[in-house]
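Novice: A predicted structure for the sequence below; I have some questions about it.
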Amino acid sequence: MDMLSVLGIILGFLAILVGHFIEGGQLSSLVNFPALLIVLGGTVGATFLHFPPKIVFHSLKVLWLIVSPRKHLLDQQIKKVGRWSALARKEGLLGLESVVDREQDGFAKKGLQLLVDGNEPDVIRDCLEVELNTIEHNEIQAAKVYEAMGGYSPTIGIIGAVVGLIQVMQNLADPALLGAGIATAFVATIYGVGFANLFFLPVSNKLKLEAYALVQAKEMMLEGIAAIAEGENPRNIELKLSGYIS
């Protein structure tokens, strides 16, 4: 688990609450359901309009990565590619058939199958690059969902503030109703800016980093499989791929 992400989320919101309390404010004054409804409802609605359903659902599936990142274990993957290369040099590419059946990673399995089928290195590289580009596009688009939410949230917060001020102007003759309108106005702004800068935008950047790490791991596998197809020495392949770790 990425405890730094968990700590960051907690610390960000806690700092605002504690700071508000130290200044003499009541924590209950920051709780305003109408403001929350305006900001989150408006932000989610705009995001649904912005992205197709497939991307939105995928963004929800990968949200857990901010606290539980994928473990790519590049050093182990490099050793595995080295073993594949040694087996291919010893028994030929058909010797990798048993490896194809055992491999669990779909990307690597596809590359191995292309190897066993006797395709040329350029063909293998082209096929895997198409899939790699698709993976990268999907992961980056999922991150952009939260980036868009981070852009919409402050603006929707301003709309919430204006709605609160409209209520204030309509009830100038009744002081008892002024407080609720003013609270909605200011709290909606806090919600909009707070959610954007303490959650949506950091989550977007974290998911982009996760996407780049995934693409790097897949790219390393692509280069390793292509090197096997080209008949490179297993030791040279491992040395070449070790550059991805640094």
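Specialist: That came through, no problem.
Novice: and the pLDDT at the residue most central in space within the chain?
Specialist: Centroid-nearest residue in the chain: residue 207, 2.2 Å away (criterion: C-alpha atoms, centre = their mean). Note for residue 207: predicted pLDDT of 95.
Novice: surely it meets residue 149?
Specialist: No - at 11.9 Å, residue 207 does not count as touching residue 149 under the criterion of C-beta atoms under 8 Å. Every C-beta, even on glycine, is put in place using the N, C-alpha and C of the backbone.
Novice: what touches both of these two?
Specialist: Between them, residue 207 and residue 149 share no contacting residue under C-beta atoms under 8 Å, 6 or more residues apart in numbering.
Novice: what about the helices in this protein?
Specialist: 3-22, 33-50, 53-61, 74-91, 97-102, 106-116, 121-170, 175-195, 201-229, 234-241 (DSSP state H).
Novice: buried ones in the fourth one?
Specialist: Put plainly, it is helix 74-91. 74, 77-78, 80-82, 84-88 (16 or more other C-beta atoms under 10 Å).
Novice: could you dump these to a markdown table with distance to residue 117 and pLDDT?
Specialist: What follows is the buried residues of helix 74-91, written out as a markdown table (distance: C-beta to C-beta, whole Å; pLDDT from 0 to 100):
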| residue | distance to residue 117 | pLDDT |
| --- | --- | --- |
| 74 | 27 | 87 |
| 77 | 22 | 90 |
| 78 | 24 | 90 |
| 80 | 20 | 90 |
| 81 | 18 | 89 |
| 82 | 22 | 89 |
| 84 | 15 | 89 |
| 85 | 17 | 90 |
| 86 | 20 | 89 |
| 87 | 16 | 87 |
| 88 | 13 | 84 |
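Novice: residue 106: which of these is nearest?
Specialist: residue 77 (14.3 Å; C-beta to C-beta).
Novice: now the chain, which segments are flagged as low pLDDT?
Specialist: 25, 171-181, 183-184, 246 (pLDDT under 70).
Novice: tell me the domain ranges of it?
Specialist: Listed by automatic domain parsing, the domain ranges of the chain are 1-31, 32-244.
Novice: for the longest one, the distance to its chain's centre please.
Specialist: In other words, domain 32-244. Chain-centre distance of domain 32-244: 3 Å, with C-alpha atoms, centre = their mean, to the nearest Å.
Novice: for it, measure first residue to last.
Specialist: In domain 32-244, first residue to last residue: 49 Å (C-alpha to C-alpha, to the nearest Å).
Novice: count of neighbours near residue 40?
Specialist: 16 (other C-beta atoms under 10 Å).
Novice: and it, how far from residue 150?
Specialist: 13 Å (C-beta to C-beta, to the nearest Å).
Novice: now for the two: what residues contact both?
Specialist: By C-beta under 8 Å, 6+ apart, residue 40 and residue 150 have these common neighbours: residue 195.
Novice: most tightly packed of the domains of the chain?
Specialist: Mean neighbour count (mean count of other C-beta atoms under 10 Å) peaks for domain 32-244 among these, with a mean of 17.
Novice: now residue 138. Nearest residue, chain neighbours left out?
Specialist: Leaving aside its chain neighbours, residue 138 sits nearest to residue 58 (6.1 Å; criterion: C-beta to C-beta, 6 or more residues apart in numbering).
Novice: quick one, what contacts the one you found?
Specialist: Listed by C-beta under 8 Å, 6+ apart, the contact set of residue 58 reads 138, 141-142.
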